[in-house]
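> How does the following fold in three dimensions:
(one chain, ligands or ions: 1)
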Amino acid sequence: MEKRLKPMDAEQLREYGHKMVDFIADYYKTIENFPVLSQVEPGYLRNLLPDSAPNQPDSFQHVLDDIQAKILPGVTHWQSPNYFAYYPSNSSVAGFLGEMLSAGLNIVGFSWITSPAATELEMIVLDWLAKMLKLPEDFLSAGQGGGVIQGTASEAVLVVLLAARDKALRRVGKGALEKLVVYASDQTHSALQKACQIAGIHPENCRLLKANSSTNYALSPELLSETISQDLAIGLIPFFLCATVGTTSSTAVDPLLALGKFAKSNEMWFHVDAAYAGSACICPEFRHYIDGVEEADSFNMNAHKWFLTNFDCSALWVKDRSALVQALSTNPEFLKNKVTNFRLLKQTWL
Ligand code: PLP
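Alright, predicted model coming up:
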């Protein structure tokens, strides 16, 4: 006879939830026994799993056994203390417990009404974090600015690039897209280039200026100034400058103050990508690396890199949230409610 499908009840959640926590706790306890880098060959999993989804339910224990035997060999163990690639041990047990709560409550927070606590907590915590980083008050949600969580730093640079693009086009006219120019050093994360592709910036207008050992691989303000002058002379429109605090390859730090002044005098949006190193600047002894952030229009750091937070969580602050609202919001009937404006007034958020 066929087994009947029945959703789990709260008591089964308790029973299996405890088993799942035990499974994860045992994983952490024995994590050093695994080779850090998965040893499987490409395509290994297809040989181990059936061709189509099972018709019958499986026991919870059987699922865990499958994970142990078939999935864990295909995992690269980012949380292993022996992992030294990219950004090691970027999460924490506290982070994972928070994720568990979030998954259990199944928070959907695309507008204030869909979960008021989600919007309000996001705003409050990003204000806390901004204060810990000693960001200028313009980045706090009490004024025209504020923080918003993005999935990744790549999304953060994309949304601010779109806001900057539309702001520039409102100033110089819609038809000028092909004249807009973006500047950064050649050490900048490739996310910027990808954002330019998505935003329709012409590839030849994406200036990745050479940085070398004479500036410790930081972007040279002199080189930037020369390049901007040349571009202006041929009728191009500089509109976006991206500086990095802690480049991906070598943790180079661009001189924010000098670069920011150039950006301001040329009416450019100035974004600071501190995805990797930003969280370290909470420590008073490292805060000086973001001196000059007062000049920035937007600042981003990844909680999922060095802030013990599960992937993915990237904190973005802007001084003028209306620029994001104008570039990215929509207002369909099904999203309207009597407090929609709370998000628009207090936060953008998309
Ligand atoms: N910017 C910098 C300086 C980085 O180091 C990284 C990631 O390594 C990124 C941006 C991209 O981060 P994400 O994976 O969150 O998009």
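> Pull the contacting residues for the residue sitting nearest the centre point of the chain.
The chain has T152 as the residue nearest its centroid, 2.1 Å off, counting by C-alpha atoms, centre = their mean. Contacts of T152 were listed using C-beta atoms under 8 Å, 6 or more residues apart in numbering, and they are A191, N302, H304, D312, S314. All C-beta atoms are positioned from the backbone trio N, CA, C, and that covers glycine.
> And for the first one, the neighbour number?
The burial count assigned to A191 is 20, neighbours taken as other C-beta atoms under 10 Å.
> Which residue is the nearest non-sequential neighbour of it?
Spatial nearest neighbour of A191, excluding adjacent residues (C-beta to C-beta, 6 or more residues apart in numbering): S154 at 3.7 Å.
> Show me what counts as buried in the strand or helix carrying K29.
According to DSSP states H and E, K29 maps onto helix 10-30. Buried residues in helix 10-30, defined by neighbour count with 16 or more other C-beta atoms under 10 Å: Y16, Y27.
> Tell me the helix or strand right after it.
Following helix 10-30 in sequence, per DSSP H and E, is helix 60-66.
> so for the strand or helix carrying K167, what's the average pLDDT?
Element membership for K167, per DSSP H and E: helix 153-172. The average pLDDT for helix 153-172 rounds to 97.
> Going by contacts, tell me the helices and strands next to that helix.
strand 180-185, helix 191-199, strand 237-244, strand 269-273, strand 298-302, strand 314-318, helix 321-328 (3 or more C-beta pairs under 8 Å, 6 or more residues apart in numbering; DSSP states H and E).
> list the helices and strands the third one packs on?
Right, strand 237-244. Secondary-structure packing of strand 237-244 (3+ C-beta pairs under 8 Å, 6+ apart): helix 153-172, strand 180-185, helix 221-233, helix 256-265, strand 269-273.
> can you list contacts of the first one?
It refers to helix 153-172. Counting by C-beta under 8 Å, 6+ apart, 150, 176-177, 179-180, 182, 189, 191-192, 194-196, 198-201, 237, 239-240, 242, 267-269, 271, 273, 275, 297-298, 300, 302, 314, 316, 318, 323-324, 326-328, 350 sit against helix 153-172.
> and the ligand, which of these contact it?
Contacts with the ligand within the contacts of helix 153-172, counted by C-beta under 6 Å from any ligand atom: H189, A191, D273, A275, N302, S314.
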